[in-house]
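K.L.:
The sequence isn't on hand, but the structure is:
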C-alpha cells in the first residue's frame, strides 16, 4: 500500500490531492500533519485511509517521532504561509517559517535514512520581474525574487538541491504558478473576487463596486484539480533533483477575470483601486511554459478557466448559503 505524508494537510491543495487519490481507486494510507485541524471530513473516503497529527514542523523531536512511526514512501510538502501579501506584512515570520520548516523536514528524513521521495513545492514568484521577451518562463530562467515570500521559496529550492547533491536525497522540485479552484481561501485574489460576486448575487444586487489592487498584472492560472494531478505524477515519475513548472501556459489579466465573472453572473462590476491591496513590488507578468513537465511525465492541464470560475462560484454560493 502506498503511504503518503502530507504537510500543510488542512489546506486547500491537500483536500484536492486526497480527492484525486480517492478518484484513482488506489488504496493508500495518508498521514497529514498541520498546526491546524482539518475542516474537511477525512472519514468520508472509501479507498484511502487518512490519519492526522497536530504538529509544528519546527518541533524536531515530535516530527522525527511521527515520521519514523509512519515510514512514508512519498512526502508532499505543502506547509507554508503562501500569501505574498502576508509576507510583506510579516517578512521575518514568513521567511523563517517557509524556510526552516522545510530544512527541519529534510534533516529528519536524512537522519532517519528514509527511502522516501519528497516533492518540494515552490512558486512562480521565484522568477520575479521579467520582460515580455522572456515569456513564457522556462525552468532555466534566472531567478530574481521581489518579495520576502519569493526569497523564501528560492531558499527552499536551493536547500533541495543541496540535499540532493550533498546527501543523495530524493527530492523533486516544483515552481507552481497561481492555482485556483473550489474551496480556496478568500485571501487569494480570484477566490476573493468570486466570493464578493457570489454575495452580490445572493442579495439580488445587479451592479456593484469592487475594491481591488492592480488589475493590469498578468497571471498564469491552473485549476487545483490539474495541479494535484501534476503533483502525483511528479511524485511517482519525476526525476530526482529536477525542477518543473506547474502551469497552464496561458496568461490572463485580473481585469479579465472580473470581466468573466461579470459575464457569467450578469452583474455589472465597477472597480476602484485600494492602495492597501497594491503590493510594494509586484511581478508585472507571470506566464510559464509547461513543456518540461509535459515531456517528462505526460501532464497537461485539462480544466478551462471558464469551468474553474463556474465551479468556484458554485462553491461560494454553497458556502454562503450555509452561513
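P.N.:
Structure's in. What do you need? No experiment lies behind these values; they were computed from the predicted model shown.
K.L.:
Enumerate the positions of stretch 9-24 that are buried.
P.N.:
For stretch 9-24, a neighbour-count test (16 or more other CB atoms under 10 Å) marks 9-22 as buried. Yep, even glycine has a C-beta here, placed from its N, CA and C like the rest.
K.L.:
do stretch 139-148 as well
P.N.:
Within stretch 139-148, judged by 16+ other CB under 10 Å, the buried ones are 139, 141, 143, 145, 146, 147, 148.
K.L.:
And the last one, how far from residue 87?
P.N.:
Taking CB to CB, to the nearest Å as the criterion, residue 148 is separated from residue 87 by 4 Å.
K.L.:
which residues of the stretch 151-300 of the chain score low on pLDDT?
P.N.:
279, 281 (pLDDT under 70).
K.L.:
give me the number of residues near residue 115?
P.N.:
Applying other CB atoms under 10 Å, we find 10 other residues in the vicinity of residue 115.
K.L.:
can I assume it sits in a helix?
P.N.:
No - going by DSSP: H, G, I helix; E, B strand; the rest coil, the assignment for residue 115 is coil, not a helix.
K.L.:
before we move on, back to that, with pLDDT and secondary structure as extra columns, can I get the buried residues of stretch 139-148 in TSV?
P.N.:
Output for those, formatted as TSV (pLDDT from 0 to 100; DSSP: H, G, I helix; E, B strand; the rest coil):
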residue	pLDDT	secondary structure
139	98	coil
141	96	coil
143	96	coil
145	93	coil
146	89	coil
147	89	coil
148	89	helix
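K.L.:
of all those residues, which comes closest to residue 69?
P.N.:
Closest to residue 69 out of these is residue 148 (34.5 Å), distances taken as CB to CB.
K.L.:
Against residue 35, how distant is the closest one?
P.N.:
20 Å.
K.L.:
What of residue 153?
P.N.:
20 Å.
K.L.:
so where do the strands sit in the protein?
P.N.:
Remark: strands assigned in the chain by DSSP state E are 2-7, 28-34, 48-54, 74-77, 117-123, 171-176, 179-180, 207-212, 218-219, 222-223, 243-246, 252-253, 268-273.
K.L.:
do you know which of those strands lies nearest residue 282?
P.N.:
The closest of the strands of the chain to residue 282 is strand 218-219. By CB to CB, the value is 10.4 Å.
K.L.:
And stretch 162-171, what's buried?
P.N.:
Judged by neighbour count (16+ other CB under 10 Å), stretch 162-171 contains these buried residues: 163, 164, 169, 170, 171.
K.L.:
Could you save these as TSV and add columns showing distance to residue 71?
P.N.:
Output for the buried residues of stretch 162-171, formatted as TSV (distance: CB to CB, whole Å):
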residue	distance to residue 71
163	19
164	21
169	16
170	15
171	18
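K.L.:
For these, work out which two are farthest apart.
P.N.:
Across those (CB to CB), the longest gap, 9.5 Å, separates 163 and 170.
K.L.:
Which pLDDT does the model give residue 322?
P.N.:
If you check residue 322, the pLDDT there is 64.
K.L.:
Show me where the stretch 201-323 of the chain has its helices.
P.N.:
Here the stretch 201-323 of the chain has its helices, by DSSP state H, counting those that start in this stretch, at 224-237, 254-265, 291-297, 305-321.
K.L.:
any chance of those helices in JSON lines, plus mean neighbour count and distance to residue 93?
P.N.:
JSON lines is the format used below for the helices of the stretch 201-323 of the chain (neighbours: other CB atoms under 10 Å; distance: least, CB to CB, whole Å):
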{"stretch": "helix 224-237", "mean neighbour count": "22", "distance to residue 93": "26"}
{"stretch": "helix 254-265", "mean neighbour count": "17", "distance to residue 93": "27"}
{"stretch": "helix 291-297", "mean neighbour count": "16", "distance to residue 93": "32"}
{"stretch": "helix 305-321", "mean neighbour count": "17", "distance to residue 93": "29"}
